[in-house]
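Enquirer: Could you work out the structure for the sequence below:
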Amino acid sequence: MPETALVKASRRLRDDVVNALAASPDVSDQATAALLSITPFMDDLPTSACTDNPACLQKWTDKQMSRERVNTDAVVQRLAALADRSRSPYVYEMAMLGCRELVKGSVAATEACNNLSLERWSSLDPHNAVPWLALVERAQQRDDKAAVDNALYQAATATKSGGVASELMRRVLAQVPTNDTHRDLQADMAARAFGVAVLDMMGSGHMTAMGLCRDEHMADSNRRQTCHLLGARLLADSDTMLQSRLALALVKRTGLGSSEFTTKVDELDALDWAVRQRSGELEHPSDGQGCRATMAALRYFGEMAQSSELGVARRTLDDHLRRSGQTVADVARQSRQSRDKAAAP
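Expert: Numbers count the residues shown, from 1 in each chain. Here you go, the predicted structure:
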């Protein structure tokens, strides 16, 4: 399929999925549609003549950026309105995600986001570390030490730590056609959903918590214990390699539970190998087997929607261990060697 035709077909599929979600009576589907609708699509591709003309291309780019800003502001306001009327933690987190990542300066959108409250989000999901980590980030920005300590403690003693990623992917993929027509478009839609879901992790307070648990803070026994609990909580509930690595770093810094550290390092390195094995299947080979790679992508994103990145990695690793007779330590050593070789000059 020519590139322009593929772009237009992808846009039509995106619009079909967004419209189906938006028409759902489920407010969580509506919030999913709102956030997904911001995924950039250029509605009017420049002509080849315009592409060769810097002034024309700049004018086209400015037009697209203006359109994207207007659309983004409208969507953020829609998300904020949905969250204001809902008691769903998922909807509220989607709105907070939209406000954090997507607002571009509109007065109306900013006012809509200002009406949202991190305190309300944490009250809707009080046992989840994620909203408390967002409160940690805000308290740190305000230099409010007491609020930092309280929010960090609440995050550390939460009974779960999970965001919107898997649920968002499940809702999107439920609307993607499963017929054999344009399989590449289905994979593209799944990838876009995953890309939006990845934003859930970024900027949610995890990096602020890492800063508050640096080595220089470990002389404070209360902070040290809190950081250890937080690391253990995040490690237990992590569904991505990134969060697992951050969580393990927190545990390591505290010096507590050191007997478990080597085992966890080996486990994560082995899982990292499994992630690279599966993600490597997504690359389109040069031998004309693009369809095979597309099908692999659909399977991979579909499995992630049902569990998580780490859930898929664990199943991949378990299957490999059964077939190969290797141990986790064997695969971990192989993973580290491969990583070191790739990083070598």
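Enquirer: so where is the stretch 51-200 of the chain shaky, pLDDT-wise?
Expert: Residues of the stretch 51-200 of the chain meeting the criterion pLDDT under 70: 51-53, 57-58, 60-70, 101-105, 178-200.
Enquirer: in it, which spans are helices?
Expert: 54-85, 89-102, 107-114, 118-124, 129-141, 145-156, 165-173, 183-198 (DSSP state H, counting those that start in this stretch).
Enquirer: Take those and lay them out in TSV including distance to Asp266 and mean neighbour count.
Expert: Just so you know, the C-beta spots here come from the backbone N, C-alpha and C atoms, and that holds for glycine as well. As requested, the helices of the stretch 51-200 of the chain are exported to TSV (distance: least, C-beta to C-beta, whole Å; neighbours: other C-beta atoms under 10 Å):
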stretch	distance to Asp266	mean neighbour count
helix 54-85	41	16
helix 89-102	33	23
helix 107-114	43	16
helix 118-124	35	17
helix 129-141	25	23
helix 145-156	25	19
helix 165-173	26	21
helix 183-198	26	20
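Enquirer: so can I have CSV of those helices showing distance to Glu303?
Expert: CSV is the format used below for the helices of the stretch 51-200 of the chain (distance: least, C-beta to C-beta, whole Å):
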stretch, distance to Glu303
helix 54-85, 28
helix 89-102, 21
helix 107-114, 34
helix 118-124, 29
helix 129-141, 23
helix 145-156, 29
helix 165-173, 10
helix 183-198, 11
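Enquirer: so which of those comes closest to Gly325?
Expert: helix 165-173 (31.9 Å; C-beta to C-beta).
Enquirer: and that closest one, how far from the chain's centre?
Expert: Averaging C-alpha positions (C-alpha atoms, centre = their mean, to the nearest Å) puts helix 165-173 11 Å from its chain's average.
Enquirer: now it against helix 89-102, angle please.
Expert: Angle between the axes of helix 165-173 and helix 89-102 is 90 degrees (criterion: axes from the mean of the first three to the mean of the last three C-alpha atoms, to 10 degrees).
Enquirer: Run through the neighbouring helices and strands of helix 165-173.
Expert: Using 3 or more C-beta pairs under 8 Å, 6 or more residues apart in numbering; DSSP states H and E, the elements in contact with helix 165-173 are helix 3-22, helix 27-36, helix 183-198, helix 290-306.
Enquirer: for the helices of the stretch 51-200 of the chain, which one sits closest to Asp318?
Expert: Using C-beta to C-beta, these put helix 165-173 closest to Asp318, at 19.5 Å.
Enquirer: In terms of pLDDT, where does the residue nearest to Ser37 when sequence neighbours are not counted sit?
Expert: Take Ser37 and drop its neighbours on the chain: the residue closest to it by C-beta to C-beta, 6 or more residues apart in numbering is Val18, 4.9 Å away. Among the per-residue scores, Val18 shows a pLDDT of 87.
Enquirer: check contacts around Val18.
Expert: Ala33, Leu36, Ser37 (C-beta atoms under 8 Å, 6 or more residues apart in numbering).
Enquirer: Same check on Lys341?
Expert: The contact partners of Lys341, taken as C-beta under 8 Å, 6+ apart, number zero.
Enquirer: Could you say which helix or strand holds it?
Expert: Element membership for Lys341 (DSSP states H and E) is helix 328-343.
Enquirer: In PDB, list the C-alpha atoms belonging to that helix.
Expert: What follows is helix 328-343, C-alpha atoms only, in PDB (Å, rounded to 0.1, in the frame of the first residue of the first chain):
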ATOM      1  CA  VAL A 328      17.200 -17.800  35.500                       C
ATOM      2  CA  ALA A 329      20.800 -17.100  36.400                       C
ATOM      3  CA  ASP A 330      22.000 -18.600  33.100                       C
ATOM      4  CA  VAL A 331      19.700 -16.300  31.100                       C
ATOM      5  CA  ALA A 332      20.500 -13.300  33.200                       C
ATOM      6  CA  ARG A 333      24.300 -13.900  32.500                       C
ATOM      7  CA  GLN A 334      23.600 -14.300  28.800                       C
ATOM      8  CA  SER A 335      21.500 -11.100  28.900                       C
ATOM      9  CA  ARG A 336      24.200  -9.000  30.600                       C
ATOM     10  CA  GLN A 337      26.800 -10.300  28.100                       C
ATOM     11  CA  SER A 338      24.600  -9.400  25.200                       C
ATOM     12  CA  ARG A 339      23.900  -5.900  26.600                       C
ATOM     13  CA  ASP A 340      27.600  -5.300  27.300                       C
ATOM     14  CA  LYS A 341      28.600  -6.400  23.800                       C
ATOM     15  CA  ALA A 342      26.000  -4.000  22.300                       C
ATOM     16  CA  ALA A 343      27.300  -1.100  24.400                       C
END
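Enquirer: residues of that helix that come out buried?
Expert: Using 16 or more other C-beta atoms under 10 Å as the test for burial, helix 328-343 gives Val328, Val331, Ala332, Arg333, Ser335, Arg336.
Enquirer: Settle this for me: the first one is touching Asp266, isn't it.
Expert: In this case it means Val328. Yes: the criterion here is C-beta atoms under 8 Å, and Val328 meets it with Asp266 at 5.5 Å.
Enquirer: Give me the neighbour count for the closest residue to Ala22 other than its chain neighbours.
Expert: Distance criterion C-beta to C-beta, 6+ apart; nearest residue to Ala22, sequence neighbours excluded, is Ala33 at 3.9 Å. Residues near Ala33, counting by other C-beta atoms under 10 Å, number 23.
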